[in-house]
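Asks: 3D, please:
(one chain, ligands or ions: 1)
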Amino acid sequence: MSIIGKPVLYSYWRSSCSWRVRIALNLKEIPYDIKPVSLIKGGGEQHSNEFREINPMEQVPSLQIDGHTLIESLNIMHYLEETRPQRALMPQDVHKRAKVREICEVIASGIQPLQNLTVLIYVGEEKKKEWAQHWINRGLRAVEKLLSSCAGKYCVGDELTLADCCLVPQVFNARRFHVDLRPFPITLRIDRELENHPAFRAAHPSNQPDCPPEATK
Ligand SMILES: O=C(O)/C=C\C(=O)CC(=O)CC(=O)O
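Replies: Alright, predicted model coming up:
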């Protein structure tokens with residue numbers, strides 16, 4: 001295994017947590033290789049003994065970088081921010097920094113884990129859509145409220161931050177579960193703003209090497 005050289009991202013095309021990291025890597029213009037991990041093939045490659053060595057949580061993403069293997073998307077993004085300060089994704093102002101972390105945490109701890117594949121399998125086929133909608137709605141209500149006092153062009157002011165890296169994949173998941181997004185106009189405006197941004201576009205599930213052809217638009 002090469003530990004020096006280009007970072008390697010263990011990623012799944014439709015994983016919102018992998019997508020957050022892909023956006024951050026792209027925004028910072030850090031070249032990286034992708035090793036796809038299928039979360040569905042044969043019950044999920046993330047559960048293999050080999051992958052458990054890379055990520056004991058049996059989830060993506062994981063990033064091999066600078067001779068280290070990192071897990072957990074927020075941790076990975078903060079590591080990138082600390083080691084590669086070019087194209088900063090955290091504001092200078094301490095209050096704005098707190099807002100960025102708040103939005104990231106609401107999404108990464110308060111929404112996504114509740115609608116994650118493993119949870120939905122546990123909840124069961126019959127109830128999973130209603131379950132996912134409930135938790136996404138509840139979380140996006142909080143995000144919209146936070147955005148009402150801190151959004152500019154993007155989530156926090158007019159500069160791109162880690163909050164934007166978290167927001168866009170979560171909006172995609174909301175659409176995937178047919179959540180009515182009309183009550184969240186600021187969220188929608190920012191999502192639209194970023195739809196065609198090259199770093200966000202390149203990170204989109206439909207542009208991933210492991211995206212099944214039938215899923216591309
Ligand atoms: O149905 C699949 O293709 C399997 C997994 C995912 O999409 C990823 C998730 O578990 C949702 C998420 O990242 O929030």
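
Asks: so who does the one residue in the chain that gets nearest to the ligand touch?
Replies: Nearest residue of the chain to the ligand: Leu117, at 3.3 Å (C-beta to the nearest ligand atom). C-beta here means a position set from N, CA and C on the backbone, and glycine is covered the same way. Shown in contact with Leu117 (C-beta atoms under 8 Å, 6 or more residues apart in numbering): Leu39.

Asks: For this structure, which residues are neighbours of the ligand?
Replies: Arg14, Ser15, Ser16, Cys17, Leu39, Ile40, Gln112, Gln115, Asn116, Leu117, Asn173 (C-beta under 6 Å from any ligand atom).

Asks: nearest to Ile76, of those residues?
Replies: Cys17 (9.2 Å; C-beta to C-beta).

Asks: Identify each buried residue in the helix or strand harbouring the closest one, please.
Replies: Per DSSP states H and E, Cys17 falls inside helix 16-27. Within helix 16-27, the residues scored as buried using 16 or more other C-beta atoms under 10 Å are Ser16, Cys17, Ser18, Trp19, Arg20, Val21, Arg22, Ile23, Ala24, Leu25, Asn26, Leu27.

Asks: swap in stretch 106-121?
Replies: Neighbour-count burial for stretch 106-121 flags Val106, Ile107, Ala108, Ile111, Gln112, Leu114, Gln115, Asn116, Leu117, Leu120 (criterion: 16+ other C-beta under 10 Å).

Asks: How is the protein divided into domains?
Replies: 8-87, 94-201 (the TED database).

Asks: Let's have those domains in a markdown table, adding mean pLDDT.
Replies: Listed next are the domains of the chain as a markdown table, based on pLDDT from 0 to 100:
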| stretch | mean pLDDT |
| --- | --- |
| domain 8-87 | 97 |
| domain 94-201 | 98 |
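
Asks: Throw those into a markdown table and include distance to Ala215, thanks.
Replies: Listed next are the domains of the chain as a markdown table, based on distance: least, C-beta to C-beta, whole Å:
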| stretch | distance to Ala215 |
| --- | --- |
| domain 8-87 | 8 |
| domain 94-201 | 11 |
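
Asks: Figure out which of those domains is closest to Thr216.
Replies: Across the domains of the chain, closest to Thr216 is domain 8-87 (C-beta to C-beta), at 9.9 Å.

Asks: From the chain's centroid, how far away is the helix holding Cys17?
Replies: Taking C-alpha atoms, centre = their mean, to the nearest Å, one finds the center of helix 16-27 at 6 Å from the center of the full chain.
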